[in-house]
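Trainee: Have a look at this prediction, sequence included:
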Amino acid sequence: MARRAPKSGPPTAHTTLREHLRRAVGRDGNPLCRCADRARSRLVAGLVLALAAALAAGALLAVLTWDSGRHEAAAEALHRHRTTATTLATAVPDGTAGSPVDGTESVLVEASWSYPQAGQVSGWVSVPSGTAAGSQVPVWVDDGGQAAPAPRSGTDIVLSAVVTGLLSSSGLAVAAGVACALRYRMVDRRARAAWEPAWERVEPLWSGRTPGRPGGTDA
């Protein structure tokens, strides 16, 4: 099978990733390709690799965060116990205008409960607004019988891991993009600075003008 001839035109903005990779390693065979074009292609290839690495790093960090959170939640759950408390007052909103009293808002109310290791305990628990005094409500307590946060749920652990992974990947990707953009601008400046001297050498050959005789031609 005959090999396909390389493109002979200058590099364009529509260059594919495969063409960038071939150019980056010097295998495109395009005689019109300049050093600046190869430098740009190397930047594109480097950016692709950096983005892939950012995604991999974010995924790895998300897995590690999930695993760590799972073990921490399991250890925490060993010291959390659920019991029933009795509210000592009616749960009413804080008095803010428009505060609902139909149970759509959670408010803190004093309650009491008994726990074998602590006897009778009182404290503040979160209940729906409008809960009447004397109501039975569930409450989480620690080993000492004091009110404590509920153990983290599996959903919370997964969400935390996903957010951590996304933020990490995004941060790394942004850093790589900024570095690539700055380097790209530097390559462009160098290419523009080299354009005039190169054109002064090539223009006489291209136009047939004799150097030193503006508008003239070889005899």
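Mentor: All right, it came through fine.
Trainee: what bits of this protein have low per-residue confidence?
Mentor: 1-15, 17-37, 94-104, 191, 193-219 (pLDDT under 70).
Trainee: redo that, cut-off 90
Mentor: 1-50, 91-107, 115-119, 122, 129-131, 144, 147, 149-153, 177, 179-219 (pLDDT under 90).
Trainee: Which elements pack onto the longest helix along the chain?
Mentor: Assignment by DSSP state H gives helix 154-207 as the longest helix of the chain. Counting contacts by 3 or more C-beta pairs under 8 Å, 6 or more residues apart in numbering; DSSP states H and E, helix 154-207 packs against helix 35-77. The way it works is simple: take the backbone N, C-alpha and C, and place the C-beta from them, glycine included.
Trainee: mind saving the C-alpha coords of the helix or strand following the helix it packs on as PDB?
Mentor: Scanning forward in sequence from helix 35-77 by DSSP states H and E, the next helix or strand is strand 81-87. Extracted C-alpha coordinates of strand 81-87, given in PDB (Å, rounded to 0.1, in the frame of the first residue of the first chain):
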ATOM      1  CA  HIS A  81     -26.400   5.800  69.400                       C
ATOM      2  CA  ARG A  82     -30.000   6.700  68.600                       C
ATOM      3  CA  THR A  83     -32.600   7.200  71.400                       C
ATOM      4  CA  THR A  84     -35.900   9.000  71.900                       C
ATOM      5  CA  ALA A  85     -36.200  12.500  73.500                       C
ATOM      6  CA  THR A  86     -39.200  14.300  74.800                       C
ATOM      7  CA  THR A  87     -39.500  18.000  73.900                       C
END
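Trainee: if we can go back for a sec, now do the longest helix of the chain against helix 35-77, angle only.
Mentor: Helix 154-207 runs at 180 degrees relative to helix 35-77, counting by axes from the mean of the first three to the mean of the last three C-alpha atoms, to 10 degrees.
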